[in-house]
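K.L.:
give me a 3D structure for the following:
(chains A, B and C)
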Amino acid sequence: MQDFAQHFINGLSLGSIYALIALGYTMVYGILQLINFAHSDVYMMGAFCSYYAARFLNLNDSQGLPSFVVLLMSSIIGCAILGFLIERLAYRPLRNAPKLNVLIAAIGVSLLLQYTGQSVFGDDPKVFPTVLPNVPVLEGSSFTVHSLDLVVLGVTLLTLLVLNLLIFRTRIGMAMRAVSQNMRVASLMGVNPNRIISATFILGSALAGVGSVLVGLKYPKVEPLMGTMIGMKAFIAAVLGGIGNLSGAVLGAVLMGLSEEMVVGYLSSTYRDALAFGILIAVLIFKPAGLLGRSATEKV
Amino acid sequence: MRFGGLKAIDQLSFSIAPGDLIGLIGPNGAGKTTVFNVVTGIYQPTFGEVVFDNHSLNDLEPYQVSRLGLTRTFQNIRLFQDLSVLENILTAAAQHVSYGLADAVLHTRRFETQEKANLDLAMSLLSIFHLEDKKDAPATALPYGEQRKLEIVRALATKPKMICLDEPAAGMNHSETEELMKTIAQIRERFKLTVLLIEHDMKLVMGICERIIVLDHGIKIEEGPPEKIQNSKKVIEAYLGVDGSEHQIRLGS
Amino acid sequence: MSKEVVSKKPFMFFVALLIVGWLADLVLNPFLQFMILLLMINMILGMSLNLVNGFAGQFSLGHAGFMAIGGYVSASLAEIWWSRIGAVGGLLQIPFFIGLALIAGGAAALAGWVVGLPSLRLKGDYLAIVTLGFAEIIRVILLNTEAVGGARGFYDIKGPGDLRLGPLVVSQFLQFFAMTLFWVILCFVTIWRLVRSAHGRGFLSVRDDEIAAQAMGINTTQAKVRAFALSSFFAGVAGSIFAHNVGYLSPSSFGFNRSVDAVIIVVLGGMGSLSGSLLAATLVTLIPELLRPVQDLTGVDVRMIIYSFLLILMMILRPAGLCGSHELPEIWKKFALTRRAWAAKNMAGRQGRPSVPRV
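P.N.:
Residues are numbered from 1 along each chain as shown, chains lettered A, B, ... in the order given. So this is what the prediction gives:
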């Protein structure tokens, strides 16, 4: 158990990144019952937004908080706009279509973004600008906490706090919760569901934008297919926690990050990618609606 | 039967003899449909036992209950929406076949004869209800009243010994209800059926049921022939409230 | 129409298409021949997934996993046979490879049965995720199994050689064509006839209303598991054909995208329409190839961009797929009827009678 503390820190850091992306999945699912497959590619686009922002503003060599904030903002804004457009152009026309159609459309958008990314940005991985230094800040006997781990945790906590305030303390948050409970009734009460759905996409995509910058700093590689695996794991985390449930998504993501690090640390790294699904299947067999989800019983 | 802390049915006990036609009535929320759901295996009773034809139904799946000869219709019509009228009935008749998947693919003689038997069964049932002209229509294209009839036809295609009808006359007009009463009596004669009927139309219930069970808040408050029920003070109170007379005065003024 | 012929006289149809295959053998270049085989493999994938997704209403996103099992089992068995018993050639090779596909299908069906079990408790998206997860796990296991090549892939998979019958040489392509055609028709006839039987009606009723199906005596559990197993069987068969035809397997050929391709075929063609799946399989296989000139024109690989864009557009403009839940013959009949009605109307107009407006 020598390295346990180290694995724990790494897992927490990974899990908090999963959480940021998982929240986007779970919010959209909660409101539209749609697995938004394009979400992982919105995340990818966010990474490219900040990569190009750094290039055009010549921030590659200027380390420091201002550069970090600029990258963060460019990614958030880029993702938010993209998320808004995807919903407006691809999903809204399908509002009353069968669920599977919307799902295929989401896969279509995902493919579209990936292929567009491949032909516009090129297949070759790019190096994400290191705008923040990664130095050891806290050294224990068996573990080291790096500055980036602190940044990841700090930014994630701050984001979650803001999200929490937004959803539970503002009118638009209340409307979001109302629409996710019952869209028709909410619209009878004077809420415009389309606006709320747009807001949900903007918010969820912005979170993915935050996540993409954090990942970019920690694993500085940007490429068009970078969203696939992390997106899938984040989505699984959301299902694990009970999809549609915000705290469930965070819980699932942290569990996922921790168990992934533990498996890599103590068992074998080759089965890393299968692990997520293994956990998921095991949990769903015993709790079909996820850890914090409630299964609906059908009235006969 | 409990839902969480709520007792939906409590200490309900009744027995039905083969060939009976029993009515189950009670105010909204009395637990009538829950009784059906427990009897047909959709809900498992939390305590107590349901016995049909000397078989305990407690641990059986709904399809096993159906195969024992106990079938039902649904209050909120649950036809197979994407299937035609005929296919709806054939689906219910599917439990009678003994051929396997291979027979179905190879179109063996076993397949042909058994499918023919099911088709004949379906057509004869459709003709009782005068629906044979609509056999190829999508089930959801039928008018409401006919969808209710199709629910009954579909249930009959399982060749039941006993059928539970959940508000078969809901949404029907006067003459349709009259006709339905006759049809229920007719199929009961013809197929030697036991019938348990939930209905709000008191005329229908009093008209055809030999015995009526009255349920309120999950408890049986009265049981007996129609005349007894009509004059029971407890039943009137259950429907109108204890201060029923006051309500009537207020409504009248 | 031809589709009805397939279910009534499958053998006749087989022979008729075999002649087409023989012509293709003479006329087409190897690339186009390969496309034809790929097209038929996609047809099997589409039809078999339609059994689960379209007919039984259980949303599966892991079809590639079953295909992978079939492909790897079949390739490994051939390898073992070759090294232990010796090469198979001559007239024996066609029944040999059909038998291999049968075993491969069996292995995949077994896996399908296992995956079908959780589907008893899970619904909709949850089931989709579990099947997706299952396929990913298969992929990772293959990636880490050195005996089948691991990440490098499975090379030099045995396949049938040219067949010499005296002076007559039956080419490799024609043999593949015949075998694949055999499976396409078997798959079509099996599913077509099944959904028109008591067992198949069980699948349909599970899709429409599970509770009502139970109340009508349908063992919904059994129906779902059977649908899963049978669907996986044909996916495994498709994997076997693919393996011996291409001669190379890699875990990455069975990723998420291949499962998605199968779902796209089903939804594009129409859930519950077999002929729709055939049509959609054709489109999905050919569109990227037909767009090749565009790539030559622009110099960038925009084919898949256009493909994904068309996909989104299709979902918006024709949500029920090309055929809805109907089969082509019905659509043809309807079309013929409207055409006749039009003709009758025009005739009536010409003879000076007032035409009745259609409502």
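K.L.:
now the helix ranked longest in chain A: mean pLDDT?
P.N.:
Ordering each helix of chain A by length in residues (DSSP state H) puts helix A:4-32 first. What helix A:4-32 shows for mean pLDDT is 91.
K.L.:
in it, what's buried?
P.N.:
A:6-7, A:9-32 (16 or more other CB atoms under 10 Å in any protein chain shown). Glycine gets a C-beta too; all of them are placed from N, C-alpha and C.
K.L.:
swap in stretch A:189-198?
P.N.:
Applying 16+ other CB under 10 Å to stretch A:189-198 flags A:191, A:193, A:196, A:197, A:198 as buried.
K.L.:
and the strands in the stretch 51-200 of chain A?
P.N.:
Secondary structure of the stretch 51-200 of chain A (DSSP state E, counting those that start in this stretch): strands located at A:126-127, A:136-139, A:144-146.
K.L.:
pick the most buried one from the ones you listed.
P.N.:
strand A:144-146 (a mean of 17; mean count of other CB atoms under 10 Å in any protein chain shown).
K.L.:
mind giving me the packing neighbours of it?
P.N.:
Secondary-structure packing of strand A:144-146 (3 or more CB pairs under 8 Å, 6 or more residues apart in numbering or on different chains; DSSP states H and E): strand A:136-139.
K.L.:
how about residues contacting the strand it packs on?
P.N.:
A:144, A:145, A:146, A:147, A:150 (CB atoms under 8 Å, 6 or more residues apart in numbering or on different chains).
K.L.:
kindly report the same for stretch C:50-57.
P.N.:
A:100, C:58-60, C:191, C:194-195, C:200, C:203-204, C:206-208, C:223-224, C:227-228, C:230-231, C:234, C:263, C:266-267, C:269-274, C:276-277, C:325.
K.L.:
returning to what we had before: for the contacts of strand A:136-139, which one is nearest residue A:52?
P.N.:
Relative to residue A:52, the closest of the contacts of strand A:136-139 is residue A:147; by CB to CB it sits at 25.0 Å.
K.L.:
okay, now the closest one: neighbour count?
P.N.:
Number of residues near residue A:147 (other CB atoms under 10 Å in any protein chain shown) recorded here: 15.
K.L.:
who's in contact with it?
P.N.:
Here residue A:147 is in contact with A:132, A:133, A:134, A:135, A:136, A:137 (CB under 8 Å, 6+ apart).
K.L.:
run the last query once more with 6 Å
P.N.:
A:134, A:135, A:137 (CB atoms under 6 Å, 6 or more residues apart in numbering or on different chains).
K.L.:
relative to chain C, which of the residues you listed is nearest.
P.N.:
Chain C lies nearest to residue A:134 out of the contacts of residue A:147, by CB to the nearest CB, at 29.8 Å.
K.L.:
for chain B, which segments count as helices?
P.N.:
B:32-39, B:62-67, B:85-93, B:101-106, B:109-128, B:144-156, B:174-191, B:202-208, B:226-230, B:233-240, B:244-252.
K.L.:
quick revisit: does any part of the longest helix of chain A sit near chain C?
P.N.:
No - using CB under 6 Å from any CB of the partner chain, helix A:4-32 stays clear of chain C, with a minimum separation of 7.8 Å.
K.L.:
about what we covered before: let me know the closest of the buried residues of stretch A:189-198 to residue B:70.
P.N.:
residue A:193 (44.0 Å).
K.L.:
that closest one contacts residue A:181, correct?
P.N.:
No - between residue A:193 and residue A:181 there is no contact under CB atoms under 6 Å: 11.6 Å.
K.L.:
how distant is stretch A:133-145 from the center of its chain?
P.N.:
With CA atoms, centre = their mean, to the nearest Å as the basis, stretch A:133-145 stands 26 Å off its chain's centre.
K.L.:
end-to-end on it?
P.N.:
Start-to-end span of stretch A:133-145 (CA to CA, to the nearest Å) is 13 Å.
K.L.:
quick one: residue A:208 from chain C, how far?
P.N.:
19 Å (CB to the nearest CB, to the nearest Å).
K.L.:
what's the burial count for residue C:252?
P.N.:
So residue C:252, with other CB under 10 Å, has 13 neighbours.
K.L.:
doesn't it belong to a helix?
P.N.:
Yes - assignment of residue C:252 by DSSP: H, G, I helix; E, B strand; the rest coil places it within a helix.
K.L.:
what about residue B:180, neighbour count?
P.N.:
Every residue meeting other CB under 10 Å relative to residue B:180 is counted, giving 23.
K.L.:
on that earlier part again, now the strands of the stretch 51-200 of chain A in CSV, with mean pLDDT?
P.N.:
Formatted as CSV, those follow (pLDDT from 0 to 100):
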stretch, mean pLDDT
strand A:126-127, 90
strand A:136-139, 81
strand A:144-146, 84
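K.L.:
adding distance to residue B:220, write those out as TSV.
P.N.:
Putting those into TSV (distance: least, CB to CB, whole Å) gives the following:
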stretch	distance to residue B:220
strand A:126-127	76
strand A:136-139	71
strand A:144-146	69
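K.L.:
for residue B:88, find the nearest of those.
P.N.:
strand A:126-127 (59.1 Å).
K.L.:
what does that closest one contact?
P.N.:
Contacts of strand A:126-127 (CB under 6 Å, 6+ apart): A:51, A:220, A:222.
K.L.:
again, but for stretch A:108-122
P.N.:
Contacts of stretch A:108-122 (CB under 6 Å, 6+ apart): A:37-38, A:41, A:48, A:86, A:90, A:224, C:300-301, C:304-305, C:308-309, C:311-312.
K.L.:
8 Å - rerun?
P.N.:
A:37-38, A:40-42, A:44-45, A:48, A:86, A:90, A:223-225, A:227-228, C:300-302, C:304-305, C:307-309, C:311-312, C:315.
K.L.:
out of the residues you listed, which sit inside helices?
P.N.:
Using DSSP H, those in helices are A:40-42, A:44-45, A:48, A:86, A:227-228, C:304-305, C:307-309, C:311-312, C:315.
K.L.:
count of residues packed around residue B:83?
P.N.:
For residue B:83, using other CB under 10 Å, the count is 21.
K.L.:
show me which of the contacts of strand A:126-127 is closest to chain B.
P.N.:
Nearest member of the contacts of strand A:126-127 to chain B, counting by CB to the nearest CB, is residue A:222, at 46.7 Å.
K.L.:
any idea which helix or strand carries residue C:240?
P.N.:
Residue C:240 belongs to helix C:220-246 when assigned by DSSP states H and E.
K.L.:
re earlier: filter the ones in helices among the contacts of stretch A:108-122 down to the buried ones and hand me the ChimeraX line.
P.N.:
Entered in ChimeraX, the line below selects the buried ones among the ones in helices among the contacts of stretch A:108-122, by 16+ other CB under 10 Å:
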select /A:40,41,42,44,45,48,86,227,228 /C:304,305,307,308,309,311,312,315
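K.L.:
average pLDDT for the helix holding residue C:240?
P.N.:
Per-residue scores along helix C:220-246 average to 95.
K.L.:
which residues of chain A score low on pLDDT?
P.N.:
A:1-2, A:295-300 (pLDDT under 70).
K.L.:
nope, the stretch 1-150 of chain C is what I was after
P.N.:
C:1-8, C:119.
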